[in-house]
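**Q** The following comprises the amino acid sequence and a computationally predicted model.
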Amino acid sequence: YVAPLSEPPSAINAPGVTGTEDGVVQLSVTVDKSNPSGLLATTVSGIPTGAELGTYNGSSFTAFSGKDNGSGTYTLVESDLTNLAVNPATNDSSNMTLGVSVTEQEGSADPSAPVTETLAVTVSAVSDAPDISVPSDTTVGSVSATLHAEEDQVGGIVIDLADDGNASSAGIIATGTDLD
């Protein structure tokens, strides 16, 4: 007796996607089944440390629970592909190359051999607002500060000691230099 073997999916459609640092990146993964009643089992690999895989409905991200196999690999069912998204780690603008592997099972037959595809995820860096605080009991002339601009901060940092919002009357103007 030879057990029947399911036909593999005919295609995985996973075009490259682009998103921004500190934002959710929507993934577009669809699978063309060989049999409309076939059940899909999907593995997504290459999720970086600190990033999460889940779903995004346009306003909120929900990380998958119980589907993380460790080492950046997740095992998903067909319904998980709807609104599939990755949430990069905070302040991480590294690009990702994800692997998508799908098998299809028809009825009681053994699952098919996997079909694989690579998904390129480009993450663009965004500048974080600089953070500075001056204690309320500080007097004029006694302030010294070191300012750190995040990533590719452009336009410099203006400190207006007159507190009138007018940069032309600023007592100090500091410009940022990218140290990378």
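**A** That came through fine.
**Q** Leaving out the residues flanking it, which one is nearest to residue 56?
**A** residue 85 (3.6 Å; CB to CB, 6 or more residues apart in numbering). Heads up, the C-betas are built off the backbone N, CA and C, glycines and all.
**Q** check which helix or strand covers the one you found.
**A** Assigned by DSSP states H and E, residue 85 belongs to strand 84-87.
**Q** Quick check: which helices or strands does the helix or strand that that strand is followed by pack against?
**A** For strand 84-87, the following helix or strand on the C-terminal side (DSSP H and E) is strand 96-105. Applying 3 or more CB pairs under 8 Å, 6 or more residues apart in numbering; DSSP states H and E, one finds that strand 96-105 contacts strand 39-45, strand 115-124.
**Q** Need those strands in a markdown table (columns: mean neighbour count, distance to residue 107 and mean pLDDT).
**A** As requested, those are exported to a markdown table (neighbours: other CB atoms under 10 Å; distance: least, CB to CB, whole Å; pLDDT from 0 to 100):
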| stretch | mean neighbour count | distance to residue 107 | mean pLDDT |
| --- | --- | --- | --- |
| strand 39-45 | 19 | 9 | 97 |
| strand 115-124 | 16 | 19 | 97 |
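**Q** is it true that residue 82 touches residue 54?
**A** No: Residue 82 lies out of contact with residue 54 (CB atoms under 8 Å); the separation is 11.6 Å.
**Q** Those two: which has the busier surroundings?
**A** Ranked by neighbour count (other CB atoms under 10 Å), residue 82 and residue 54 place residue 54 first, with 19 against 10.
**Q** Could you report the neighbour count for the residue lying closest to the more buried one once chain neighbours are set aside?
**A** Residue nearest to residue 54 in three dimensions, not counting chain neighbours: residue 63, with 4.1 Å by CB to CB, 6+ apart. The burial count assigned to residue 63 is 14, neighbours taken as other CB under 10 Å.
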